[in-house]
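Trainee: just a sequence and a predicted model for now, questions to come.
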Amino acid sequence: MIKYYYKSITGTELTEIDEPRKGTWIYVEAPTDVEVAQLAKQFQLEPGNLEDARDDDEMPRLERQDGQTYIYVRFAYRNSQGDLSTMPLLIVFGGEYVVTVSRIRLPALDHLMRGQTPFATTQRSKLVLLILSQISDQYDGFINRISRQIKSIRSRLRSTGITNKDLLDFVTIEDDLNEFQASLQPTNAALRRLLVGKQLPLFDDDHDIVEDLLLNNEQSIEAIRSNLLSVSNIRDAYSAISSNNLNRTITLLTLATILVALPNVFFGMYGMNVELPFQHSPWAFGVLITINVVLITSIVAFVRKKRII
């Protein structure tokens with residue numbers, strides 16, 4: 001699908017037009033082979049670079065070829081199953097247009113269509129930076145939600161304990177955070193190249209925007225590392241607590257076995273058909289009970305003194 005959007009500096013809303021003109025945002029979503037060939041021919045784009053945008057595993061980078069700048073980034077989104085994932089986005093800057101190519105609908109488009117941020121497609125550099133800013137904000141939103149989820153699980157660890165579902169959630173969280181980190185780190189490398197100004201003409205204000213993007217991405221990467229460390233610490237704590245509880249349970253069961261076995265030793269001896277001392281005495285049973293109580297009390301006191309239980 002290929003759409004042409006246009007908005008001038010004095011325009012009030014983003015408008016879809018039938019044919020591209022100078023200052024148009026060429027929005028390409030899930031392009032077919034025919035549309036890729038059409039784009040390459042109509043706007044003098046490199047077909048191989050357009051094909052790379054359709055590769056789900058394409059990593060962020062920046063290339064310059066035949067006067068065109070190709071910026072590859074990855075944006076975060078929630079798929080139809082509700083899982084977090086990332087998808088490559090190609091931004092082409094050169095000539096008289098800005099071209100974006102993605103496999104799925106670009107989330108930044110919805111934000112720009114609602115008119116929440118003033119912009120103009122004729123200001124091509126600012127449009128590129130605005131799309132990159134929207135992508136950065138989306139990462140921040142997802143990372144903040146993940147942080148709150150981790151804090152919720154950590155609070156339950158202190159009270160009711162975490163469940164097997166929480167441990168499975170940790171696996172998903174780690175996968176999402178690692179994927180985010182793998183996308184943001186090379187994106188920062190591409191942004192640093194943009195600061196040089198050869199791939200994208202930047203004014204002073206644009207330099208500030210790129211620097212803010214770099215700083216924001218660095219903060220996001222640090223937040224990701226902090227969350228990964230929290231997940232690891234929670235898992236280690238849960239493992240240590242479970243191991244300690246298991247040891248206490250085994251200790252208690254062992255102690256209970258000993259306490260139950262002690263009386264059986266004496267009662268077993270006096271249950272045999274052999275002559276035993278004091279077996280006809282009326283006070284023999286009381287003495288046996290007393291001895292067992294003393295032994296059990298001594299064992300319990302020793303165990304508590306040694307803090308075994």
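Mentor: Structure received.

Trainee: mind listing what's buried in the helix or strand residue 137 falls within?
Mentor: Per DSSP states H and E: residue 137 is located in helix 124-158. The neighbour-count check on helix 124-158 (16 or more other C-beta atoms under 10 Å) flags 124-136, 138-140, 142-143, 146-147, 149-150, 153-154 as buried. Bear in mind the C-beta positions are built from the backbone N, C-alpha and C, glycine included.

Trainee: what do you get for stretch 15-25?
Mentor: For stretch 15-25, using 16+ other C-beta under 10 Å, the buried residues are 20, 23-25.

Trainee: which ones among the residues you listed lie within strands?
Mentor: Those of these mapping onto strands are 24-25, per DSSP state E.

Trainee: turn the buried residues of stretch 15-25 into JSON lines, including pLDDT and distance to residue 189.
Mentor: Formatted as JSON lines, these follow (pLDDT from 0 to 100; distance: C-beta to C-beta, whole Å):
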{"residue": "20", "pLDDT": "81", "distance to residue 189": "31"}
{"residue": "23", "pLDDT": "83", "distance to residue 189": "29"}
{"residue": "24", "pLDDT": "85", "distance to residue 189": "29"}
{"residue": "25", "pLDDT": "85", "distance to residue 189": "25"}
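
Trainee: which one of the buried residues of stretch 15-25 is nearest to residue 249?
Mentor: residue 25 (64.7 Å; C-beta to C-beta).

Trainee: I'd say that closest one and residue 15 touch.
Mentor: No - with contact defined as C-beta atoms under 8 Å, residue 25 does not reach residue 15; the gap is 10.4 Å.

Trainee: which residues do these two both contact?
Mentor: Residues touching both residue 25 and residue 15 by C-beta atoms under 8 Å, 6 or more residues apart in numbering: 5-7.

Trainee: beyond the helix ranked longest in the chain, next helix or strand please.
Mentor: Under DSSP state H, the helix in the chain containing the largest number of residues is helix 204-269. Using DSSP H and E, the helix or strand that directly follows helix 204-269 along the chain is helix 284-305.

Trainee: what pLDDT, on average, does that following helix get?
Mentor: Mean per-residue pLDDT for helix 284-305: 75.

Trainee: show me where pLDDT drops low in this protein?
Mentor: Residues of the chain that meet the criterion pLDDT under 70 lie in 115-116, 157-162, 197-200, 266-267, 269-280, 284-285, 306-309.
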